[in-house]
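**Student:** build the 3D model from these lines:
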Amino acid sequence: MYTVHIERSAERELDRLPDDRFAQISARIQALATDPRPPGCRKIVGSHADWRIRVGAYRIVYEIDDRAGEVRITRARLRPHAYR
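**Tutor:** This next block holds a predicted model:
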């Protein structure tokens, strides 16, 4: 079981989401606690620890620290803005 931490900037992005999208993304974030590498996740090329999962047009970008048992959510944005 992993501990999920949401960075403050990602928290602000989540607060701005429509309610239906927030519910979908929130469920996917909570699921990362049991499986930080779910089917469909991808390692971000050129990054040491960043991964991403898709939720419709949104991307959740996160880091996995296996030694500490932590998942840190860094971004939750629409695809065109997720990798900046």
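**Student:** can you give me the strands for the protein?
**Tutor:** Using DSSP state E, the strands of the chain run over residues 3-6, 42-43, 50-55, 58-65, 70-78.
**Student:** where does this protein have low pLDDT?
**Tutor:** 84 (pLDDT under 70).
**Student:** measure the residue of it positioned farthest from its centre to Tyr2 for me?
**Tutor:** Most distant from the centre of the chain: Arg67, at 18.7 Å, with distances by Cα atoms, centre = their mean. Plainly put, Arg67 is 11 Å away from Tyr2 if you go by Cβ to Cβ, to the nearest Å. All C-beta atoms are positioned from the backbone trio N, CA, C, and that covers glycine.
**Student:** could you do Ala68 as well?
**Tutor:** Going from Ala68 to Tyr2 by Cβ to Cβ gives 9 Å.
**Student:** ok, Asp19 next?
**Tutor:** Computed as Cβ to Cβ, the Asp19 to Tyr2 distance reads 26 Å.
**Student:** the more surrounded of these two?
**Tutor:** The residue with more neighbours, out of Asp19 and Tyr2, is Tyr2; 16 against 7, by other Cβ atoms under 10 Å.
**Student:** buried sites along stretch 71-84?
**Tutor:** 71-77, 82 (16 or more other Cβ atoms under 10 Å).
**Student:** and stretch 32-40, by the same measure?
**Tutor:** Using 16+ other Cβ under 10 Å as the test for burial, stretch 32-40 gives 32, 36.
**Student:** ok now it, how far from the chain's centre?
**Tutor:** Remark: stretch 32-40 is offset 10 Å from the chain centroid, using Cα atoms, centre = their mean, to the nearest Å.
**Student:** could you tell me the end-to-end distance of it?
**Tutor:** 12 Å (Cα to Cα, to the nearest Å).
**Student:** thank you, goodbye.
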